[in-house]
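A.B. asks: the following comprises the amino acid sequence and a computationally predicted model.
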Amino acid sequence: SVVPRSSSSSKFRAGTTGRSNSLQVYKLEDYIIVKMYIKLRGQDGKQSVVTVSKTDTIVSLKSKVEKEFGIGKSKQRLFFAGKQLEDGYKLFDYKINVNDTVQVMEKPVLEAIKDSDRTDSSPTKNKKAPAEVPCVSPYFTIGDIVDACDATFGAWFEGKVIEIFSYPPEEEIYYKVQFSHTPIPPTLVTLKDIRPVSRNTIPISSLKENDMVMVNHNLECPDERGYWYDLKIERVVNDMNRTTFVQGTLFAGVDRTPMQDMKVIFPDEIMEICESKMIIDKTREELDLMQTEPTFKRKTAPLCDKCKDNPRRKCKECSCVKCGGKEEPDKQIVCDECECASHIWCLDPPLEELPQSDEWYCPDCRNNGEEVVKAGEKLKESSKKAKMASSNPKSNRDWGRGMACVGRTKDCTLVPKNHFGPIPGVEVGTMWKYRFQVAESGVHRPQVAGIHGRDSEGAFSLVLSGGYEDDVDYGEEFLYTGAGGRDLSGNKRTAEQSCDQQLTLTNRALARNCFTKLNLDGAESSDWKKGKPVRVVRNYG
């Protein structure tokens, strides 16, 4: 696939008009790729480069894979762009381009499974989930006001125990807690994530090292109010002549991840942590206190920065993304992709009830099953591709082997498509072997058209190649007759001039580069240096 350069090879050289740039010519590489090629990569990471044609069939590609990797055709599985390459198609059908990588996999050898093994290993589809069995907790009762750790935020929030149960034969007890800070459905926690609600603040004068307290902290913006976390005090400064502050190790998340050297910005709101006691060890006053709401609510950052958790304000950020209503949160369903909530009646089409499946996707995120090509399935029929000349089954011409038919493998993002003037990093005199390389560099983006421009803006670049009989190239200057006047129907690239050219489309775009008003009869610029520059690519060799 690689040969030494021929002196008669066709090359492209870049330049600009409208600017006085010095000419610099750079040497090309000593060797160049002269045929369409792709890469094959095995499961062990081994790579191989093979020469192919876009018109090659998948069967012929499997023959090359068998030669390179020693895998029989019947055992091969080839993948590209998420699709399994099936027999009966060509590389062109899967849009395989130059330098693309095809993944090669070998089908495993499956041994016969005995009936006894199949019975033992088969999943029990009809097996029911363990049922909830109400039970009695030695620490809490239904209606207790508690602090529970929310797995979503990893912080402690106030709530109420509304149900206690277990899943026999498991012995662990689960507590269903309804948080008071949000109307979301109740959450399940275990004993390690629940404790009596903190009611008392601790003055700074009573704090000492190694005390475990609960403080308000914002993990993302430490200078703002956040949520409540446990803190182990390491340093307390309470001097009238110095700034008062408390510093320690913060424990965030349900796994209590330690965060060192965290400073408390609200030292007057440090709360005492209440340890869980068994019910038999509590006094009557303590039991009554567990069922009593705190006299004041702890200050907490709003969960939604847009509506500030106002229940009377509609918000599409924290509530239904369609109507913004916060009513009936138990009738809202959350998309597993975009994580936006929607009322079941706001969907299109609406749902009568919540789906029972574990995963659900909204219409915007749901993949169309008709467009997905599964392994072993045939490609979807395309009316546009069927009309292309490359899909003609009567043509025996192998047009897909040369480099002139390959597409771009990358796009130039250094400058926008409507950029006038030089491309950064591409000097005047730079040479390329193939037309698609010129397009990748951003000098002349179209791979076929001779003029790249917009009717309303101007021409950005042109290719001085072929052209018309009236075109004259003087080196520093050239006469260019524009585009049009030829019948190129039938997928032709060249033809004799059969009609007059018109000052429209790219011809008018090229005329707009001149520093003068547009005139159908022609016009003369008063100062040609003020015109818009045009990048010029020459074909020579």
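C.D. replies: Everything's here; your move. Numbering: from 1, shown residues only.
A.B. asks: only C-alpha atoms for contact and neighbour calcs from this point on.
C.D. replies: Will do.
A.B. asks: helices along the stretch 151-300 of the chain, start to end?
C.D. replies: Using DSSP state H, counting those that start in this stretch, the helices of the stretch 151-300 of the chain run over residues 284-290.
A.B. asks: and the closest residue to Cys335 other than its chain neighbours, what pLDDT?
C.D. replies: Excluding the flanking residues, the one nearest Cys335 by CA to CA, 6 or more residues apart in numbering is Tyr361, at 4.8 Å. Looking at Tyr361, its pLDDT reads 88.
A.B. asks: ok, now Pro393?
C.D. replies: pLDDT for Pro393: 64.
A.B. asks: lowest average confidence, helix or strand, in this structure?
C.D. replies: The helix or strand of the chain with the poorest confidence is strand 2-4; it has a mean of 32 (mean pLDDT, DSSP states H and E).
A.B. asks: contacts for the helix or strand containing Val438, please.
C.D. replies: Here Val438 sits within helix 435-441, counting by DSSP states H and E. Residues outside helix 435-441 that contact it (CA atoms under 8 Å, 6 or more residues apart in numbering) are 12, 404, 406-412, 426, 432, 444-447.
A.B. asks: could you rerun that using 7 Å?
C.D. replies: By CA atoms under 7 Å, 6 or more residues apart in numbering, the list of residues contacting helix 435-441 from outside reads Ala404, Gly407, Arg408, Lys410, Asp411, Cys412, Trp432, His444, Arg445, Pro446, Gln447.
A.B. asks: again, but for stretch 99-112
C.D. replies: With contacts defined as CA under 7 Å, 6+ apart, stretch 99-112 is touched by 37-43, 75-80.
A.B. asks: cross these against strands and list the overlap.
C.D. replies: Taking DSSP state E, the ones among those that sit in strands are Tyr37, Ile38, Lys39, Leu40, Arg41, Gln76, Arg77, Leu78, Phe79, Phe80.
A.B. asks: could you dump those residues to a markdown table with pLDDT and neighbour count?
C.D. replies: Compiled in a markdown table, these are given as follows (pLDDT from 0 to 100; neighbours: other CA atoms under 10 Å):
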| residue | pLDDT | neighbour count |
| --- | --- | --- |
| Tyr37 | 87 | 24 |
| Ile38 | 91 | 18 |
| Lys39 | 93 | 15 |
| Leu40 | 94 | 22 |
| Arg41 | 94 | 18 |
| Gln76 | 92 | 17 |
| Arg77 | 92 | 17 |
| Leu78 | 93 | 20 |
| Phe79 | 93 | 16 |
| Phe80 | 92 | 15 |
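A.B. asks: relative to Asn97, which of those residues is nearest.
C.D. replies: Closest approach to Asn97 among the ones in strands among the contacts of stretch 99-112 (CA to CA): Ile38, at 7.4 Å.
A.B. asks: burial measure for Lys46, as a count.
C.D. replies: Using other CA atoms under 10 Å, Lys46 is surrounded by 10 other residues.
A.B. asks: next one, pLDDT for Val284 please.
C.D. replies: In this structure residue 284 is Arg, not Val. The per-residue pLDDT reported for Arg284 equals 92.
A.B. asks: also Pro123?
C.D. replies: The model reports Pro123 with a pLDDT of 53.
A.B. asks: ok, which pair from the contacts of stretch 99-112 is furthest apart?
C.D. replies: Once CA to CA is applied, those give Tyr37 and Lys75 as the farthest pair, at 23.4 Å.
A.B. asks: now distance to Lys232 too, for the contacts of stretch 99-112, in a markdown table please.
C.D. replies: Below are the contacts of stretch 99-112 laid out as a markdown table (distance: CA to CA, whole Å):
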| residue | distance to Lys232 |
| --- | --- |
| Tyr37 | 63 |
| Ile38 | 60 |
| Lys39 | 57 |
| Leu40 | 57 |
| Arg41 | 53 |
| Gly42 | 53 |
| Gln43 | 50 |
| Lys75 | 61 |
| Gln76 | 60 |
| Arg77 | 57 |
| Leu78 | 57 |
| Phe79 | 54 |
| Phe80 | 54 |
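A.B. asks: ok, of those residues, which one's closest to Ser342?
C.D. replies: Closest to Ser342, out of all of the contacts of stretch 99-112 and judged by CA to CA, is Phe80, at 36.2 Å.
A.B. asks: buried subset of the contacts of helix 435-441?
C.D. replies: Buried members of these, counted by 16 or more other CA atoms under 10 Å: Ala404, Gly407, Arg408, Trp432, His444, Arg445, Pro446, Gln447.
A.B. asks: residues near Ile145, how many?
C.D. replies: Ile145 has 26 nearby residues by other CA under 10 Å.
A.B. asks: does it have beta-bridge partners, and which?
C.D. replies: On the basis of DSSP bridges, Ile145 takes part in beta bridges with Lys160.
A.B. asks: thought it was touching Phe157?
C.D. replies: No: Ile145 is beyond contact range of Phe157, at 10.7 Å (criterion: CA atoms under 7 Å).
A.B. asks: shared neighbours of those two, anything?
C.D. replies: Counting by CA under 7 Å, 6+ apart, nothing touches both Ile145 and Phe157.
A.B. asks: where does the stretch 101-250 of the chain have low pLDDT?
C.D. replies: Scanning the stretch 101-250 of the chain for pLDDT under 70 picks out 111-129, 183, 240-242.
A.B. asks: can we see that at 80?
C.D. replies: The stretch 101-250 of the chain contains residues with pLDDT under 80 at 109-131, 181-185, 238-244.
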